[in-house]
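# Provided below for reference: sequence and predicted model.
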Amino acid sequence: MNIGAPWPTVEEAADGVLKIQTKLHRWASDNRTRRFDDIYNFVYDPAVLVTAWRRVRTNKGARTAGVDGETAYYVETVRGVPAFLSDLREDLRTRRFQPVVVREVTIPKPGGKRRRLGIATVRDRVVQAALLTVLEPIFEAGFQPCSYGFRPKRRAHDAIAETHFLASRSYEWAVEGDIEACFDNISHSALLDRVRVRVGDKRVLGLVKAFLKAGVLTEGGAERDTVTGCPQGGIVSPLLANIALSILDDHFVGAWNAMGDSHKRAERRRRGVANYRLIRYADDWLLMVAGTRADAERLREEAAAVLVPMGLRLSATKTRITHIDKGLEFLGFRIQRHTQRGSAKRYVYTYPARAALAAVKGKVRALTRGATNHSLDILLHRLNQVLRGWTTYFRHGASAKTFAYLSAYTWRRVWCWLRHKHPKTSWKELRRRYQPDQRPAWNGVTLFNPAAVTIIRYRYRGATIPSPWKTAA
């Protein structure tokens, strides 16, 4: 790109990035042992930087500043996007770019603990997004099909569908794996060794290492070196975590392939030998076992040993072994086998876990507690956002009764809010004013009805999930 030349439009940049990613993915897929020695120039390619900026600007975190106090809005209105990207591109091209410390914030976790998040500067976020754009198609070519978290075209429902598929086919024991502080404890040297398997460009490796070693500015104002881990909340962090945890995927997928086809696996079971398969979504994973509890206990120890070189360990209290008849919880769903009502047959069912229902009830309760100074349509709009998102996620399970309960619960909470807002108005008058039909409504906004959501079974896609780059021109 010549100095003074106009930057590509968003559409032109998207087309250019798609071509770059398609080439990288094709080269990585055609030769699984290929190392990419000259890809740094793609990181500061104008199309890649424009796409990276758009990703950062449209993210919810664009309103949050790093340690420099600059937000994406500030870059747009004060510095100007072309000037910002030109300076950043020149720093990358001349290798003057150095990431700065991330600002640490903590958010509450279930159980009273707190999760640490790292907020990078806008400048660093754009470079992380550019780095992700280049590295993702290379590593996607080698990732195993049992991994579903933070990967293109894959989602949590694929992991749930595979769990249901295996549990319905005699994989009755499950090792529910929990990695202790996964993002905080990943060994930098072990992670970089796995990155080097596919990337030989020392400039890219140096950039990855610089982000890992950038350091943290704590909420108390003290700077802390990052000896291990990658900041949770960084744009490139999920990819780096997947690269680290692919050590688990490779081990158990290799074991699965060694078991042979379905006939050979059936023969193993007749001889009393266990079959097992890994299902992983980011750092949440299950090991489904067709065997005995003793087999599951042995495999739990095997998984723990596989993670040791990466600096990770399993939580002794949260890693459990569960039988499908007792039920297990994974990605917000409860998966359990029980007898079908009105029949003697047993089936595996997936439905919202109690913790997930309690979480959405807590959000509804928080929105409808006090704060009666605004109008009903504002409240309904906020509630509808929560309810639509929650029911969209859980509509692929046996959720009809849960949705009906949530519908009634929300209806009651809205009416309690209205009674507090208008304490001197009669029930009859409130109903005439705010509920012309079955649901409360005001100014064209009607309370969303979870009970009206259609339940759709999510089909298991197995290894047929398409790559976003294979069919691209």
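In hand now; what should we look at? Residues are numbered from 1 along each chain as shown.
# and Q385, backbone torsions?
Backbone torsions for Q385, taken as degrees, to the nearest 10, come to phi -60, psi -50.
# what of the one 5 residues further on?
Main-chain dihedrals, W390, degrees, to the nearest 10: phi -70, psi -50.
# list the contacts for V10?
When contacts are counted by CB atoms under 8 Å, 6 or more residues apart in numbering, V10 touches V50, T51, R54. Backbone N, C-alpha and C define where each C-beta goes, glycine included.
# of those, which is the nearest to A303?
Checking the contacts of V10 against A303 by CB to CB gives T51 as the nearest, at 37.2 Å.
# looking at this, the closest one is in a strand?
No - secondary structure of T51 (DSSP: H, G, I helix; E, B strand; the rest coil): helix, not part of a strand.
# hmm, A14 and it touching each other?
Yes - T51 is in contact with A14 according to CB atoms under 8 Å; the separation is 6.2 Å.
# neighbour count winner among the two?
Taking other CB atoms under 10 Å, T51 and A14 do not tie; T51 has more neighbours (24 against 15).
# quick check: which ranges of the stretch 1-150 of the chain have low pLDDT?
Along the stretch 1-150 of the chain, segments meeting pLDDT under 70 span 1-5.
# what are the ranges of the helices in it?
With helices called from DSSP state H, counting those that start in this stretch, the stretch 1-150 of the chain shows them at 10-30, 40-43, 46-58, 72-74, 81-93, 122-140.
# mind listing the strands for the chain?
Listed in chain order, the strands of the chain (DSSP state E) span 102-108, 114-119, 173-178, 216-217, 223-224, 275-281, 284-290, 320-323, 328-330, 333-339, 346-352, 441-442, 445-446.
# mind giving me the packing neighbours of the last one?
What that stands for is strand 445-446. With contacts defined as 3 or more CB pairs under 8 Å, 6 or more residues apart in numbering; DSSP states H and E, strand 445-446 has these neighbours: helix 376-394.
# hmm, who's touching the helix it packs on?
Residues contacting helix 376-394 (CB under 8 Å, 6+ apart): 156, 332-333, 351-352, 356, 360, 363-364, 367-368, 399, 402-403, 406, 410, 414, 417-418, 421, 434, 440-448, 450, 453.
# let's see which of those residues end up in helices.
Of the positions in the contacts of helix 376-394, 156, 356, 360, 363-364, 367, 402-403, 406, 410, 414, 417-418, 421, 434 sit in helices, assigned by DSSP state H.
# quick one, phi psi at I455?
According to degrees, to the nearest 10, I455 has phi -80, psi 130.
# now the one 10 residues further on
Summarising the backbone geometry of I465 under the convention degrees, to the nearest 10, its torsions are phi -70, psi 120.
# I figured it was touching C146, is that so?
No - look at I465 against C146 with CB under 8 Å: they stay out of range, at 11.3 Å.
# picking that back up, of all the helices of the stretch 1-150 of the chain, which lies closest to K428?
Here helix 46-58 is closest among those (CB to CB), at 47.2 Å.
# put the alpha carbons of the closest one into CSV.
Provided in CSV are the C-alpha atoms of helix 46-58 (Å, rounded to 0.1, in the frame of the first residue of the first chain):
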residue,chain,number,x,y,z
PRO,A,46,-4.4,-3.0,4.8
ALA,A,47,-7.4,-5.3,4.3
VAL,A,48,-6.6,-7.3,7.4
LEU,A,49,-6.2,-4.1,9.5
VAL,A,50,-9.5,-2.6,8.3
THR,A,51,-11.3,-5.9,9.1
ALA,A,52,-9.5,-6.1,12.5
TRP,A,53,-10.6,-2.5,13.3
ARG,A,54,-14.2,-3.2,12.4
ARG,A,55,-14.2,-6.3,14.6
VAL,A,56,-12.9,-4.2,17.5
ARG,A,57,-15.2,-1.3,16.8
THR,A,58,-18.4,-3.4,16.6
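# about what we covered before: now, of the helices of the stretch 1-150 of the chain, which is deepest in the fold?
Across the helices of the stretch 1-150 of the chain, averaging neighbours per residue (mean count of other CB atoms under 10 Å) puts helix 122-140 on top, at a mean of 24.
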